[in-house]
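Engineer: Turn this into a model:
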Amino acid sequence: MTARYYILDGTTPVPGADVRQWAAWLETADRVVAQTSLTADIQVSTVFVGMNPYPGVAPPRLFETLVLWPGDPLDGETVHTPTWAAALAAHTQMVLRVRAALCAPSEDATLGASDPLT
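Structural biologist: Numbering: from 1, shown residues only. Have a look, this model is predicted:
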């Protein structure tokens, strides 16, 4: 069975002794893997959460990539990964996905352009 709480040693997750050690570490730790602001309102954030959201699943998914895009279907989209390297890759992929969504024509614009009645 995998541990529930982890801290970082550099970029390597290390099982924490208990919830108190983990919580104390969280108070001062730099847990940010990557942050990308695509506009003033759209961000992709990847951080080390240090707690396995899927107990019993190995390897533990300790890093979280999250889209913050108020009002968009991608808002709140989350990916959990097991390593720093995988977290960086997930961050890059999510940034590409959000950029593609930003560049895609809106459904309304597409419908208006092809609708012969407008």
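
Engineer: center of the chain - which residue?
Structural biologist: Thr65 (0.7 Å; Cα atoms, centre = their mean).

Engineer: residues making contact with the helix or strand containing Ala90?
Structural biologist: Using DSSP states H and E, Ala90 sits in helix 84-103. For helix 84-103, contacts defined as Cβ atoms under 8 Å, 6 or more residues apart in numbering pick out 11-12, 33-34, 36, 38-39, 42, 44, 46, 48, 63, 65, 67, 69, 72, 74, 77, 79, 81. Heads up, the C-betas are built off the backbone N, CA and C, glycines and all.

Engineer: Distance from it to the middle of the chain?
Structural biologist: On the basis of Cα atoms, centre = their mean, to the nearest Å, helix 84-103 sits 9 Å off its chain's mean C-alpha point.

Engineer: what does stretch 45-58 give?
Structural biologist: 11 Å.

Engineer: same deal with stretch 12-19?
Structural biologist: 20 Å.

Engineer: Can you measure across stretch 13-24, start residue to end residue?
Structural biologist: End-to-end span of stretch 13-24 (Cα to Cα, to the nearest Å): 16 Å.

Engineer: What segments of this protein are strands?
Structural biologist: Taking DSSP state E as the test, the strands found in the chain are 6-9, 12-15, 32-37, 43-48, 63-68, 78-81.
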